[in-house]
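[1] sequence first, predicted coordinates after that:
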Amino acid sequence: MPRANDDGRLLRERSPHQHNRVTYVELFFDLVFVFAITQISHTLLAHFTPIGVLQVTMLMLAVWWVWVFTSWTTNWLDPDRAPVRIMLFGLMLAGLLLSTSIPRAFDNRGLTFAAAYSVMQVGRTLFFLWSVPATAVGQRNNFIRILIWLVASAVFWIAGGLAEGNSRIALWLVALAIEYAGPAMRFYTPRLGASTTQDWDVEGGHMAERCALFIIIALGESVVVTGATFAEAVWTVTTVCAFVVALVGSIAMWWVYFHLGAEAGSEHISRSSDSGRLARLAYTYLHLPVVAGIIVSAVGDELLLAHPGGHVGAKETLSILGGPLLYLIGTILFKHAIRGIYQLSHLVGIGLFVVLIPFASRFTPLSLAAIAAAVLMIVAAWEAISLGSDSHRDA
């Protein structure tokens with residue numbers, strides 16, 4: 001692929017068999033999404049009803065999509081170039097407006113959320129088209145297709161921001177459907193046709209590292225929630241045990257994803273002859289339930305620390321068990337995309353969580369969370385031992 005145009009801007013230099021590092025400005029940009037994840041988890045905790053869960057899910061889908069599209073863009077553009085940095089700083093400003101609007105996105109800040117989101121998606125795409133040399137015909141056509149799809153979805157975002165109640169939900173669901181269908185349909189556009197996955201050629205190691213860092217962001221938010229809630233609680237033996245259980249659960253989640261999966265994913269996509277296809281599946285779509293599982297688990301940790309010896313209702317069941325269940329579903333699908341197998345350790349963990357759900361009300365939040373953490377630790381240890389002894393054996 002072309003690396004720069006005549007005036008020296010703005011695409012990354014690529015060298016064979018080398019991994020482009022994640023730059024400091026990309027990490028700085030990600031700080032906005034630490035706040036966004038916090039806002040999402042707190043909003044879910046405050047609105048844990050069927051309609052509230054739907055609304056928060058929609059907001060999470062939007063936050064993930066704007067972040068992952070930016071990661072694709074900075075995989076191609078060089079963030080060490082001043083114009084790209086300025087673009088990222090502009091996205092940070094819009095991202096902060098988006099993040100601060102999350103708790104009231106379905107109330108009086110819907111238009112702010114929709115406008116900030118649309119500016120980020122459309123503005124970043126326009127910037128890319130300006131940045132790419134005319135000789136990069138494939139990439140330019142690819143982003144023209146993407147721009148058409150994002151402008152179409154922006155119409156529904158803005159219309160939803162101006163609407164109220166169920167109309168806003170319906171319009172934003174249409175907007176999300178357009179955006180999530182885009183990559184799957186390869187951004188098919190009349191006359192221009194569809195993109196090829198070769199048009200999406202990515203530097204695999206960089207993409208894998210970017211997504212792994214987002215998992216760290218989400219896990220870090222969970223740890224922050226645990227620490228902040230524990231700091232405000234009355235310290236008793238029960239609350240200390242709840243604090244330890246919550247932290248062990250986060251550690252187990254880290255182990256399940258990072259001990260073998262993250263590195264294997266990085267190596268596999270770096271060697272892949274069709275890195276664009278793999279990045280679309282494994283890192284764009286399949287990381288979503290992983291992130292969702294961490295967010296829901298963070299809500300469970302807060303409920304656990306607030307009432308460790310209390311009653312387990314639907315809210316506690318769905319967060320304490322549902323969060324890890326979502327997380328394991330996401331990781332097993334991600335690792336299947338990488339290794340081509342459904343790991344037995346993860347399947348057993350998923351089965352145990354499903355079996356536990358009907359019996360959850362018989363436990364206290366502390367005992368239920370302890371069981372959930374134990375299941376995650378078993379999955380992590382099983383995978384580590386199995387793949388450590390034979391990398392080709394089903395874990």
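    In hand now; what should we look at? Numbers count the residues shown, from 1 in each chain.
[2] could you tell me how many residues sit around residue 258?
    By other CB atoms under 10 Å, 15 other residues sit near residue 258. From N, CA and C alone the C-beta is placed, and that goes for glycine too.
[3] how near is the closest residue to it other than its chain neighbours to residue 107?
    Distance criterion CB to CB, 6 or more residues apart in numbering; nearest residue to residue 258, sequence neighbours excluded, is residue 212 at 7.0 Å. Separation of residue 212 from residue 107 (CB to CB, to the nearest Å) stands at 34 Å.
[4] show me where pLDDT drops low in the chain?
    1-9, 15-19, 388-395 (pLDDT under 70).
[5] how about a cut-off of 50?
    Along the chain, segments meeting pLDDT under 50 span 1-8, 391-395.
[6] which strands or helices does the longest helix along it pack on?
    Determined from DSSP state H, the single longest helix within the chain is helix 204-232. The contact analysis (3 or more CB pairs under 8 Å, 6 or more residues apart in numbering; DSSP states H and E) places helix 204-232 against helix 24-46, helix 50-76, helix 237-258, helix 261-271, helix 275-278, helix 287-306.
[7] which residues touch the shortest one?
    What that stands for is helix 275-278. Under the criterion CB atoms under 8 Å, 6 or more residues apart in numbering, residues 196-204, 207, 268-269, 272, 337 lie in contact with helix 275-278.
[8] neighbour-wise, which of these leads?
    residue 207 (28 neighbours).
[9] from memory that residue sits against residue 75, does it?
    Yes. The criterion here is CB atoms under 8 Å, and residue 207 meets it with residue 75 at 5.6 Å.
[10] mind listing what's buried along stretch 78-89?
    78, 79, 81, 84, 85, 87, 88 (16 or more other CB atoms under 10 Å).
[11] any chance of those in a markdown table, plus secondary structure and distance to residue 176?
    A markdown table is the format used below for the buried residues of stretch 78-89 (DSSP: H, G, I helix; E, B strand; the rest coil; distance: CB to CB, whole Å):
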| residue | secondary structure | distance to residue 176 |
| --- | --- | --- |
| 78 | coil | 31 |
| 79 | coil | 27 |
| 81 | coil | 32 |
| 84 | helix | 27 |
| 85 | helix | 29 |
| 87 | helix | 24 |
| 88 | helix | 24 |
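[12] and of those, the nearest to residue 13?
    residue 78 (7.2 Å; CB to CB).
[13] quick one, phi/psi of the closest one?
    Backbone torsions of residue 78, given as degrees, to the nearest 10, read phi -90, psi 110.
[14] closest to residue 115 among the buried residues of stretch 78-89?
    The closest of those, once distances to residue 115 are taken by CB to CB, is residue 87, at 17.8 Å.
[15] so the nearest residue to the closest one once chain neighbours are set aside is in which element?
    In this structure, residue 87 finds its nearest non-sequential neighbour in residue 127, 5.0 Å apart by CB to CB, 6+ apart. For residue 127, the element it lies in under DSSP states H and E is helix 110-131.
[16] from the contact counts, what lies against that helix?
    Using 3+ CB pairs under 8 Å, 6+ apart as the contact test, the elements touching helix 110-131 are helix 50-76, helix 82-101, helix 137-162, helix 165-184.
[17] burial of residue 141, as a residue count?
    Other residues lying near residue 141 total 16 when counted by other CB under 10 Å.
[18] measure how buried the residue nearest to it when sequence neighbours are not counted is and give me the count.
    Nearest residue to residue 141, sequence neighbours excluded (CB to CB, 6+ apart): residue 192, at 5.8 Å. Per other CB under 10 Å, the neighbour tally for residue 192 reads 13.
[19] returning to what we had before: wait, which of the helices and strands packed on helix 110-131 is closest to residue 320?
    helix 50-76 (15.1 Å).
[20] counting neighbours, which bits of that closest one end up buried?
    Neighbour-count burial for helix 50-76 flags 55-56, 58-76 (criterion: 16+ other CB under 10 Å).
[21] helix 287-306 and that helix, what's the angle between them?
    On the basis of axes from the mean of the first three to the mean of the last three CA atoms, to 10 degrees, helix 50-76 is oriented at 130 degrees to helix 287-306.
[22] just send the helices and strands packed on helix 204-232 back as a markdown table, with distance to residue 10 too.
    Formatted as a markdown table, the helices and strands packed on helix 204-232 follow (distance: least, CB to CB, whole Å):
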| stretch | distance to residue 10 |
| --- | --- |
| helix 24-46 | 13 |
| helix 50-76 | 9 |
| helix 237-258 | 32 |
| helix 261-271 | 23 |
| helix 275-278 | 20 |
| helix 287-306 | 27 |
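[23] so which of those is the most packed in?
    helix 287-306 (a mean of 25; mean count of other CB atoms under 10 Å).
[24] same for that helix, what does it pack against?
    helix 24-46, helix 50-76, helix 204-232, helix 237-258, helix 314-320, helix 322-339, helix 365-389.
[25] ok, and what's touching stretch 365-372?
    With CB under 8 Å, 6+ apart as the test, stretch 365-372 has contacts from 238, 241-242, 245-246, 249, 300-301, 303-304, 307-310, 312, 316-317, 320-321, 324, 353, 356, 360, 363.
[26] please identify the buried residues of that stretch?
    Judged by neighbour count (16+ other CB under 10 Å), stretch 365-372 contains these buried residues: 365, 366, 368, 369, 370, 371, 372.
[27] picking that back up, closest to residue 12 out of the buried residues of stretch 78-89?
    Within those, the smallest distance to residue 12 is 4.5 Å, found for residue 78 (CB to CB).
[28] and the closest one, how far from residue 135?
    Between residue 78 and residue 135 the distance is 17 Å, computed by CB to CB.
[29] sorry, back to before: looking at the helices and strands packed on helix 204-232, which is closest to residue 230?
    Here helix 237-258 is closest among the helices and strands packed on helix 204-232 (CB to CB), at 4.5 Å.
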